[in-house]
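In: I would like the atomic coordinates for the input below:
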Amino acid sequence: MRLNRHLKHLQRRAPEARVCGNCQACCESLVVSVDEPGGFTKKAGTRCVHQCQTGCDIYDDRPTPCREWSCLWIRGALPDAMRPDKSGLILWESANSRGRLLGTEGVGHPVLMGRVSAPGMERRPKAEKTLRMLNRASVSVCLILSSGQRVFVCADGQTSRVQHYLGDVPMRRNGNRIYIDINYCRTRWPADFGEESE
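Out: Down below sits the predicted model:
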């Protein structure tokens, strides 16, 4: 795991193995584009055509992107209460986790990705507690809000550094949070708005 150094102590508190159970948060939250036989495309924030009451009706034959993807909760890096369907917040690693933001390098600390399932979920006590825990472990989180807007919840002491590396991106800072302008987000990440890129 790329974030081992930062999240190892969090994983020790969690069970060794978890199962999704009734949680289907990734099935609705994520953008999926499968370019293989039987493939399909799914927009962010929409139900997957393969979702059923018990989970995924093609689970044993699910496509590669779904098979290889996992959230931090299932990997044991987050508390039980942060199961995505219960907390409304799903967190995962991406290329950005290695200190890359918007294609720039040099941020110097991990940045997780996250998606919020409904307005204001990132401000609920469970989510706030988890975000603070990650921030204290020198991990920033780029949250995709239910509106499609992105906000960076910056690790302790890293807000100015993240702001600097975002450069000319239109943004607004509020404490340790950097809100990327929603019109910029719509242009830069149209899939977060359920739109096709041009």
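In: secondary structure element for the nearest residue to Thr64 once chain neighbours are set aside, which one?
Out: Excluding the flanking residues, the one nearest Thr64 by C-beta to C-beta, 6 or more residues apart in numbering is Glu36, at 6.7 Å. Yep, even glycine has a C-beta here, placed from its N, CA and C like the rest. Using DSSP states H and E, Glu36 maps to neither a helix nor a strand.
In: surely Glu36 touches Pro63?
Out: Yes. In terms of C-beta atoms under 8 Å, Glu36 counts as a neighbour of Pro63; the distance is 6.1 Å.
In: more neighbours: which of the two?
Out: Set Glu36 next to Pro63 and count neighbours by other C-beta atoms under 10 Å: Pro63 wins out with 18 against 9.
In: how about the nearest residue to the more buried one, chain neighbours excluded?
Out: That would be Val34: by C-beta to C-beta, 6+ apart, it lies 4.2 Å from Pro63.
In: same check on Phe193?
Out: Distances taken as C-beta to C-beta, 6+ apart place Gly148 nearest to Phe193, at 4.3 Å, with adjacent residues excluded.
In: could you look up the SS state of that neighbour?
Out: coil (DSSP: H, G, I helix; E, B strand; the rest coil).
In: helices of this protein, start to end?
Out: For the chain, the helices defined by DSSP state H occupy 4-11, 25-29, 64-68, 84-87, 125-136, 159-166, 182-188.
In: switch these over to JSON lines; also include distance to Asp57 and mean neighbour count.
Out: Shown next, in JSON lines, are those (distance: least, C-beta to C-beta, whole Å; neighbours: other C-beta atoms under 10 Å):
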{"stretch": "helix 4-11", "distance to Asp57": "31", "mean neighbour count": "15"}
{"stretch": "helix 25-29", "distance to Asp57": "11", "mean neighbour count": "20"}
{"stretch": "helix 64-68", "distance to Asp57": "12", "mean neighbour count": "13"}
{"stretch": "helix 84-87", "distance to Asp57": "18", "mean neighbour count": "20"}
{"stretch": "helix 125-136", "distance to Asp57": "30", "mean neighbour count": "17"}
{"stretch": "helix 159-166", "distance to Asp57": "41", "mean neighbour count": "16"}
{"stretch": "helix 182-188", "distance to Asp57": "33", "mean neighbour count": "15"}
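In: that older thread, I'd assumed Thr187 was in contact with the residue nearest to Phe193.
Out: No. Distance between Gly148 and Thr187: 11.1 Å, which falls outside the contact criterion (C-beta under 8 Å).
In: point to the residue nearest the middle of this protein.
Out: With distances taken as C-alpha atoms, centre = their mean, the residue of the chain nearest its centroid is Gly114 (1.9 Å).
In: got the contact list for it?
Out: For Gly114, the contact set (C-beta atoms under 8 Å, 6 or more residues apart in numbering) comprises Leu89, Ile90, Leu91, Trp92, Glu122, Val141, Cys142, Leu143, Ile144.
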